[in-house]
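# here are the coordinates; sequence isn't available:
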């Protein structure tokens, strides 16, 4: 018994005649008839009633029909899985990520992913949210890992946003600073906005900081483009900064990172992609890695 014989038998039953099935399968009627006869010889029973105006399955044919369809469906699924494996061996994945996340999060995700799928070529676009949104819309990147996206942008670009987790934000201060020495946890109201070492305009973390202090037009005395630079300035006693929790893993000994009082402060970490757009198999695997619950554990571990 061969899969092609089962496929031919199912086609004859579905088409109702040898002639119709032969046209569907692009086989000659004698060749198709030989395959049916081979099955009947193997099972030792007639499988089809030959009638003047077509063919119907016998009782044995009905039994074979249900099993044949199941076997053919399993064979198709198996072929699809192996096709996916071949594509993953030489596929690619392109995505964007904001720079206030990338250096802390990517090693935790891409390390295991690269070990599991060494043949996938991964391209990373490290840009600000305002730059990544149009790249997702145009397809320059297949998805992006960002924080906030205005609802209007989602509707306009037909984009889908999935929250991965919420990231705690901490206050980084010199150990000699009064807010480092006090017993109680700080509140945003305790901080002089003029002390804040702010990230450059365009960083979503900078915009979130302005919302925390409800500032529309801040007087910024010190501004930089990287969290690592902001922490270096805090270490030099030049001010304080709001930073992601993971950025506090490796900081100078003269800096302390404190959570905020109450429920604390955090920001969402989201995955952004286009709606109703099929992504490449390599990108699908990478998206699954970002969405895996273990990713959050790696982030905060």
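It's in. Since the structure is predicted, the reported quantities are computational estimates derived from the model, not experimental observations.

# any weak-confidence spans in the stretch 101-250 of the chain?
Applying pLDDT under 70 to the stretch 101-250 of the chain flags the ranges 201-202, 206-220.

# strands of that one, residue ranges please.
Secondary structure of the stretch 101-250 of the chain, counting by DSSP state E, counting those that start in this stretch: strands at 121-126, 143-146, 159-174, 198-199, 223-224, 241-244.

# the third one: which residues count as buried?
In this case it means strand 159-174. Within strand 159-174, the residues that count as buried by 16 or more other Cβ atoms under 10 Å are 159-161, 164, 167-174. C-beta: built from backbone N, CA, C; applies to glycine.

# cool, and the first one?
In terms of neighbour count (16+ other Cβ under 10 Å), strand 121-126 has its buried residues at 122, 125.

# compute the distance between the residue of the chain most remote from its centre and residue 30, please.
Going by Cα atoms, centre = their mean, the residue of the chain most distant from its centre is residue 52, 57.3 Å out. From residue 52 over to residue 30 the distance is 20 Å, taken as Cβ to Cβ, to the nearest Å.

# now swap in residue 106 and tell me
Counting by Cβ to Cβ - residue 106 and residue 30 are separated by 62 Å.

# which of these two has more residues huddled nearby?
The neighbour comparison of residue 106 against residue 30 (other Cβ atoms under 10 Å) goes to residue 106, with 17 against 9.

# is the closest residue to that one other than its chain neighbours bridged to anything, and to what?
What sits nearest to residue 106 in space, not counting adjacent residues and going by Cβ to Cβ, 6 or more residues apart in numbering, is residue 97, at 6.8 Å. Residue 97 forms beta bridges with residue 126, residue 145, as assigned by DSSP bridges.

# I figured residue 97 hits residue 125, correct?
Yes - applying Cβ atoms under 8 Å as the test, residue 97 and residue 125 come out as touching, 7.5 Å apart.

# overlap of the contact sets of the two?
Common contacts of residue 97 and residue 125, defined by Cβ atoms under 8 Å, 6 or more residues apart in numbering, comprise 132, 144.

# from residue 101, how far off is the nearest residue to residue 222 once chain neighbours are set aside?
Spatially, and ignoring its direct neighbours in sequence, residue 222 is nearest to residue 197 (4.9 Å; Cβ to Cβ, 6+ apart). Residue 197 sits 19 Å away from residue 101, going by Cβ to Cβ.

# list the contacts for residue 127?
Residues near residue 127 by Cβ under 8 Å, 6+ apart: 96, 98-99, 135.

# closest one of the residues you listed to residue 270?
residue 98 (10.2 Å; Cβ to Cβ).

# so the closest one sits against residue 148, correct?
No - if you go by Cβ under 8 Å, residue 98 and residue 148 don't touch, sitting 10.1 Å apart.

# the more surrounded of those two?
Looking at residue 98 and residue 148 with other Cβ under 10 Å, you find the greater number of neighbours at residue 98, namely 21 against 15.

# gap between that one and residue 275?
Taking Cβ to Cβ, one finds residue 98 at 21 Å from residue 275.

# and if you look at residue 228?
Counting by Cβ to Cβ, the separation of residue 228 from residue 275 is 35 Å.

# which of these two has more neighbours?
residue 228 (13 against 9).

# before we move on, back to that, what touches both of residue 98 and residue 148?
Taking Cβ under 8 Å, 6+ apart as the contact criterion, the common neighbours of residue 98 and residue 148 are 129, 204.

# show me how far stretch 171-184 is from its chain's centre.
Relative to the chain's own centre, stretch 171-184 is displaced by 38 Å; criterion: Cα atoms, centre = their mean, to the nearest Å.

# number the residues from 15 up from this point.
Okay, residue one is now 15; in that scheme the one you just asked about reads as stretch 185-198.

# for that stretch, measure first residue to last.
Stretch 185-198 has an end-to-end distance of 13 Å (Cα to Cα, to the nearest Å).

# report the buried residues of it.
By 16+ other Cβ under 10 Å, the buried positions in stretch 185-198 come out as 185-188, 191, 193-194.
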